[in-house]
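Colleague: Got a predicted structure here, sequence first:
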Amino acid sequence: MGPLKIDPKSALDEIARYSQKLTAGAEVLRKLDDVDYGATEKEAVYREDKLVVYHFKGDRKPSNKTPILIVYALVNRPYMTDLQADRSLVRNLLAQGEDVYLIDWGYPDAADRFLSLDDYINGYIRRSVDAVARRHGLKAINLLGVCQGGAFSLCFASIYPERVKNLITMVTPVDFHTRDNMLSHWTRGMDIDLFVDTLGNVPGDLMNWCYLTLKPLRLNHQKYVGLVDILDDKAELENFLRMEKWIFDSPNQAGQAFREFIRDFYQGNKLMQGGLTIGDKPVDLKQITMPVLNIYAEQDHLVPPSASIPLKDKVGTKDYTVLAFKGGHIGIYVSGRAQREVAPTIHSWLSRRG
């Protein structure tokens, strides 16, 4: 290796700029309040146990008469869909003329250890859909499933097709055995019975640690080094801290539901291969005959595109549309591109279907 070519003056200038950033950042941090989240006014319209269904209120009357119910994953908090005013899928959908509801699963505790996928899908989701449908005098509503919530929505739409008018899936895994699915490789050899029987509910911090180690350098080091660049910018710093708050606000997972999800989806790949039963009800994706919009992220490290794309050949509908979003698993909600593309695509797609 040759000698390092470092210009002393440039190095000193960079050190000085770094010092100025830290000094200015310390002043900004002293004045910073705790960051909040949830930009859009909402009201609770249905409650059951720890679950709450919220109805969001927009600035205009909805033009679409069929409401959307967002079914989020269990593993993170659903306010990612409404993180802040300029980064909100919910707010953008409302601005397009949609009527938006969302299931907030709450925080499971020891009392929820034995909740099963049957409880979540045939129980909570079914009754939430019914509650929203009753408010509008409808038999069927639009369903928007996100990540694990998308897998749940596929199961629900298969079992209760008469209750779903249009189905939208976002970053939703279907084939859990693709070669580039790191989570799948980790869990396939796992003794899930020993794991759940030992822990009871699965700690959210443990789940979050697993996600962070999928990209250990980027998610545990690089972003904090890069934090120095925005320390003196109050708005950017608040954006960063708001995202950090969401990342580490991870609910515990009900033990039995986690056991079944790992066993039947990640290990058994039954959503893809068949043979999946939720409670006493078989899941057959060919029963999904309503229109389907499948949105996946091209740079998704949690749900790679190869896990979502196979949905097209599994569902029974002839009305199938796909949106390949140029971004990642989180960028599909909060990036500038997402604000311009995702909600307008959903609204346009729904509008063409009445």
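Modeller: Sure thing, it's come through.
Colleague: Please tell me how far stretch 303-314 is from the chain's geometric centre.
Modeller: 16 Å (Cα atoms, centre = their mean, to the nearest Å).
Colleague: My error: substitute stretch 73-84 in the last question.
Modeller: Using Cα atoms, centre = their mean, the offset of stretch 73-84 from its chain centre is 6 Å.
Colleague: Can you point out the buried residues in it?
Modeller: The neighbour-count check on stretch 73-84 (16 or more other Cβ atoms under 10 Å) flags 73, 74, 75, 76, 77, 78, 79, 80, 81, 82, 83, 84 as buried. No exception for glycine: its C-beta is placed from N, CA and C like everyone else's.
Colleague: Pull the residues that contact the host helix or strand of residue 29.
Modeller: Element membership of residue 29 [criterion: DSSP states H and E] is helix 8-31. Contact partners of helix 8-31, identified using Cβ atoms under 8 Å, 6 or more residues apart in numbering, comprise 228, 229, 231, 232, 233, 234, 237.
Colleague: Looking at these, spot the one nearest residue 271.
Modeller: residue 237 (40.7 Å; Cβ to Cβ).
Colleague: Where do the strands of this protein begin and end?
Modeller: Ranges of strands in the chain, per DSSP state E, are 42-48, 51-56, 68-71, 82-84, 87-88, 100-104, 141-146, 164-170, 277-278, 281-282, 292-297, 320-325.
Colleague: Now do the same for residue 2: its pLDDT.
Modeller: Residue 2 carries a pLDDT score of 52 in this model.
Colleague: ignore the last one, residue 236
Modeller: Model confidence at residue 236, given as pLDDT, is 83.
Colleague: distance of it from residue 217?
Modeller: Per Cβ to Cβ, to the nearest Å, residue 236 is found 22 Å from residue 217.
Colleague: higher neighbour count, the two?
Modeller: Set residue 236 next to residue 217 and count neighbours by other Cβ atoms under 10 Å: residue 236 wins out with 14 against 8.
Colleague: Would you confirm that the more buried one contacts residue 230?
Modeller: Yes. The criterion here is Cβ atoms under 8 Å, and residue 236 meets it with residue 230 at 4.0 Å.
Colleague: and for the two, which residues touch both?
Modeller: When contacts are counted by Cβ under 8 Å, 6+ apart, residue 236 and residue 230 have no shared neighbour.
Colleague: about what we covered before: put together a markdown table for the contacts of helix 8-31, with neighbour count and distance to residue 209 on each row.
Modeller: Shown next, in a markdown table, are the contacts of helix 8-31 (neighbours: other Cβ atoms under 10 Å; distance: Cβ to Cβ, whole Å):
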| residue | neighbour count | distance to residue 209 |
| --- | --- | --- |
| 228 | 13 | 25 |
| 229 | 12 | 26 |
| 231 | 19 | 26 |
| 232 | 18 | 31 |
| 233 | 15 | 29 |
| 234 | 15 | 30 |
| 237 | 18 | 25 |
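Colleague: Of all pairs in those residues, which one is the farthest apart?
Modeller: 228 and 234 (14.9 Å).
Colleague: returning to that earlier point: got the buried residues for the helix holding residue 29?
Modeller: Within helix 8-31, the residues scored as buried using 16+ other Cβ under 10 Å are 21, 25, 28.
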